[in-house]
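A.B. asks: need a 3D model of the following:
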Amino acid sequence: MADTRESSEIRAQTPAARIDAASRAKTLTRILWIGFALNVVVAVFKFVYGNVTCSMSMTNDGIASFLDAGSTLIGLAGVSIASRPPSDRHPYGHAKYETYASVAIGVILIVAAGDIAREAIETLLEGGSHVMVDWASYVIMLGTMALNIWVAWWEGRWGRELHSESLTADAKHTWTDVYVSVSVICSLIFVQLGYPAADALVSLIVALAVLASAISIFREANRTLSDVSRLDAGEVAEMVEGVPGVAGVHEVRSRGTEGEVYVDLHVLLDPEMTLREAHEVASEAEALLERTFPEVADVSVLMRPAEDAAGGASADDAPAPGA
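C.D. replies: The predicted structure follows:
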């Protein structure tokens, strides 16, 4: 068993695996830096002009965009740590640091939602704010909203492709900015129609949108931190049972982040099979899963004689060499 674990660790740290991880981290870093720069531009325009026109909703929208830029920096830190190779202290790698980064983003959003809601309620109790609305207000809001839509779509697409929790969280936050911008534009229209309280009311909507984004991020992070199954056990079993020499499959388990999944399973084999033959069957099962599911980082196959399928653990149980 010791030889099996050692060969598994060596395979997990081969140059090819490190190159893939490094390439993923490099792509994520580039995307996040571009998103950060664009979010700062959007935030500056909305925050500055919101203060000039005394528009609380536009100013808070700008603050939300600044928070989006700040969350991007947290995502960058998470990606940087997560890309480190496995070590003696972290034999499964550092991928969960990307999840921790997404949780930090969620905490920031909750704090921001509370501050925005508090300010909006105080303004309503004081009788509303005095907002100046002109054509430039609409130009800035529509322009920044269009930019946010593109950034959110772009980050979301790459987040799904790279199975990145931090990038997906950043995209969700940016989509929140888009919905907020729509609300702010509506508030500008109502203010022009003679309803100044609409400005503070929309700020409450901004707070709710930011809170909803945080909850969504926490839900996804919980899937990783609570080791929710990442692959369908039935699908995995059916796939491996198609490998020549496999008599049955059970005890399929999977866990990890979206981009780094660990799988272990029990494979039933002919008890008369030689160790070399068993190794070849297990290696083929492992290779099949890694080809089918690119997010799989490691597969651990426990070999059992088929005659023990109905019983408990056998003294002959042995993990597959190299699995």
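A.B. asks: contacts, neighbours, all on C-alpha from now
C.D. replies: OK.
A.B. asks: residue furthest from the geometric center of this structure?
C.D. replies: No residue in the chain sits farther from the centre than residue 272, which is 45.6 Å out by CA atoms, centre = their mean.
A.B. asks: now do the buried residues in stretch 158-173.
C.D. replies: 158-159, 162-173 (16 or more other CA atoms under 10 Å).
A.B. asks: any idea how far apart the tips of it sit?
C.D. replies: Using CA to CA, to the nearest Å, the end-to-end distance of stretch 158-173 comes to 15 Å.
A.B. asks: alpha carbons only: can I get stretch 28-39 in PDB?
C.D. replies: Listed in PDB are the C-alpha atoms of stretch 28-39, where the atom choice follows Å, rounded to 0.1, in the frame of the first residue of the first chain:
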ATOM      1  CA  LEU A  28      -7.100  33.200 -14.300                       C
ATOM      2  CA  THR A  29      -4.700  35.900 -13.200                       C
ATOM      3  CA  ARG A  30      -4.900  37.700 -16.500                       C
ATOM      4  CA  ILE A  31      -8.700  37.600 -16.600                       C
ATOM      5  CA  LEU A  32      -9.000  38.900 -13.000                       C
ATOM      6  CA  TRP A  33      -6.600  41.800 -13.600                       C
ATOM      7  CA  ILE A  34      -8.500  42.900 -16.700                       C
ATOM      8  CA  GLY A  35     -11.700  42.600 -14.700                       C
ATOM      9  CA  PHE A  36     -10.200  44.600 -11.800                       C
ATOM     10  CA  ALA A  37      -9.100  47.500 -14.200                       C
ATOM     11  CA  LEU A  38     -12.500  47.700 -15.800                       C
ATOM     12  CA  ASN A  39     -14.300  47.600 -12.400                       C
END
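A.B. asks: who touches it?
C.D. replies: Outside stretch 28-39, the residues that touch it by CA atoms under 8 Å, 6 or more residues apart in numbering are 65-66, 68-70, 72-73, 75-76, 79-80, 147-148, 151, 155, 167.
A.B. asks: quick one: which of the buried residues of stretch 158-173 is nearest residue 302?
C.D. replies: Of all the buried residues of stretch 158-173, residue 302 sits closest to residue 163, with 27.4 Å by CA to CA.
A.B. asks: quick check: chain neighbours aside, which residue is closest to that closest one?
C.D. replies: Using CA to CA, 6 or more residues apart in numbering and skipping the chain neighbours, the partner closest in space to residue 163 is residue 259 (4.4 Å).
A.B. asks: and the one you found, how many neighbours?
C.D. replies: 20 (other CA atoms under 10 Å).
A.B. asks: contacts only, for it.
C.D. replies: Contacts of residue 259 (CA under 8 Å, 6+ apart): 162-164, 295-296.
A.B. asks: out of those residues, which are inside strands?
C.D. replies: residue 296 (DSSP state E).
A.B. asks: and of the contacts of residue 259, the nearest to residue 286?
C.D. replies: For these, the nearest to residue 286 is residue 296 (9.9 Å; CA to CA).
A.B. asks: who's the closest one bridged to?
C.D. replies: residue 261 (DSSP bridges).
A.B. asks: now do the SS call for residue 251.
C.D. replies: Judged by DSSP: H, G, I helix; E, B strand; the rest coil, the three-state class of residue 251 is strand.
A.B. asks: related to what we said a few turns ago, show me the two of the buried residues of stretch 158-173 that sit farthest apart.
C.D. replies: Among those, 162 and 173 lie farthest apart (CA to CA), at 17.9 Å.
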